[in-house]
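Participant: Show me the folded form of this:
(2 chains)
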Amino acid sequence: DSGVTQTPKHLITATGQRVTLRCSPRSGDLSVYWYQQSLDQGLQFLIQYYNGEERAKGNILERFSAQQFPDLHSELNLSSLELGDSALYFCASSVGGWTYNEQFFGPGTRLTVL
Amino acid sequence: AQTVTQSQPEMSVQEAETVTLSCTYDTSENNYYLFWYKQPPSRQMILVIRQEAYKQQNATENRFSVNFQKAAKSFSLKISDSQLGDTAMYFCASGSGYALNFGKGTSLLVTP
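Facilitator: Numbering: from 1, shown residues only, chains lettered A, B, ... in the order given. Below is the predicted model of the structure:
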């Protein structure tokens, strides 16, 4: 158990819908990262927050957005969902916001878009 | 941008044997970090080992060690005395600054 929690574990929805994925970082970690793992694209970095502020953006679509709240939990919002958005979404957290800080991954949320 | 290439989609090894997983990367950064992550069937991502690019000494964690060749931009993972529990997807990753860039992964099967 990494100490990072993600809810829900599984999510099944239809195209065009909107969903919210939630992540609680390890106690004491200030940084949260979101990654998408799909069969064709592999594991891709989406976005990073550090202490409530957006720090880095990766291959995140405009239909996706995220935020980190004052209690440091984070939410990833996916809207106008398409079949290709079906993937495993990971949240990771670290103490600092740099790559030398070890990232601890949550168990992931499996999103299926039908 | 950094790219990471893992040229071996699948590998297998017998229990107690040694196996090496390959990884090459491309970066223009001077300071960067390299990682190997393990993803067992449970899908949990677990850090196996990491290497700071400015350190010449290869990192070692118990049965896991790396062969870091900076000039060649190569970062291979050696697993000694393979165990059934080592069966997993292994991802090589690099990063400088903030986030990690992952390779496509190598699926390792350890057989009895």
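Participant: make it CA atoms for all contacts and neighbour counts henceforth
Facilitator: OK.
Participant: if I pick the residue of chain B found nearest chain A, what's in contact with it?
Facilitator: Chain A sits closest to residue B:98 of chain B, with a gap of 4.6 Å, by CA to the nearest CA. Applying CA atoms under 8 Å, 6 or more residues apart in numbering or on different chains, we find residue B:98 in contact with A:48, A:55-56, A:97-99.
Participant: So which of the residues you listed sits lowest on pLDDT?
Facilitator: Lowest in pLDDT among these is residue A:99, which has 75.
Participant: Compute the number of surrounding residues for that residue.
Facilitator: When neighbours are defined as other CA atoms under 10 Å in any protein chain shown, residue A:99 has 19 of them.
Participant: Look up phi and psi at it.
Facilitator: phi -70, psi -20 (degrees, to the nearest 10).
Participant: what about the residue nearest the centre of chain A, helix or strand, and which?
Facilitator: The residue lying closest to the centre of chain A (CA atoms, centre = their mean) is residue A:34, at 3.1 Å. Here residue A:34, judged by DSSP states H and E, is contained in strand A:31-38.
Participant: residue ranges of the strands in chain A, please?
Facilitator: For chain A, applying DSSP state E gives strands covering A:5-7, A:10-13, A:19-24, A:31-38, A:42-50, A:53-57, A:64-68, A:74-78, A:87-94, A:104-105, A:109-113.
Participant: Tell me how many other residues surround the residue in chain A that chain B sits nearest to.
Facilitator: Of all residues in chain A, residue A:98 sits closest to chain B, at 4.6 Å by CA to the nearest CA. The number of residues packed near residue A:98 is 17, by other CA under 10 Å.
Participant: what does the one 4 residues further on give?
Facilitator: By the criterion of other CA under 10 Å, residue A:102 has 16 neighbours.
Participant: Could you do residue B:102 as well?
Facilitator: Residue B:102 has 25 neighbouring residues, counting by other CA under 10 Å.
Participant: And residue B:30, by the same measure?
Facilitator: Neighbours of residue B:30 under the rule other CA under 10 Å: 9.
Participant: coming back round to it: got a markdown table for the strands of chain A, with distance to residue B:8 too?
Facilitator: Formatted as a markdown table, those follow (distance: least, CA to CA, whole Å):
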| stretch | distance to residue B:8 |
| --- | --- |
| strand A:5-7 | 31 |
| strand A:10-13 | 30 |
| strand A:19-24 | 33 |
| strand A:31-38 | 18 |
| strand A:42-50 | 14 |
| strand A:53-57 | 29 |
| strand A:64-68 | 32 |
| strand A:74-78 | 32 |
| strand A:87-94 | 22 |
| strand A:104-105 | 24 |
| strand A:109-113 | 26 |
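Participant: near chain B, which residues of chain A?
Facilitator: Selection of chain A residues close to chain B by CA under 8 Å from any CA of the partner chain yields A:33, A:41-45, A:48, A:55-56, A:97-100, A:104-108.
Participant: who's in contact with residue 59?
Facilitator: You didn't pick a chain, so chain A it is. A:44-47.
Participant: meant chain B, my bad for not saying
Facilitator: Contacts of residue B:59 by CA under 8 Å, 6+ apart are B:49-51, B:65-66.
Participant: Go again with 10 Å.
Facilitator: Applying CA atoms under 10 Å, 6 or more residues apart in numbering or on different chains, we find residue B:59 in contact with B:49-52, B:65-68, B:77.
Participant: again with residue A:49
Facilitator: Under the criterion of CA under 10 Å, 6+ apart, the neighbours of residue A:49 are A:30-34, A:55-57, A:66-69, A:72, A:74, A:93, A:97, B:98.
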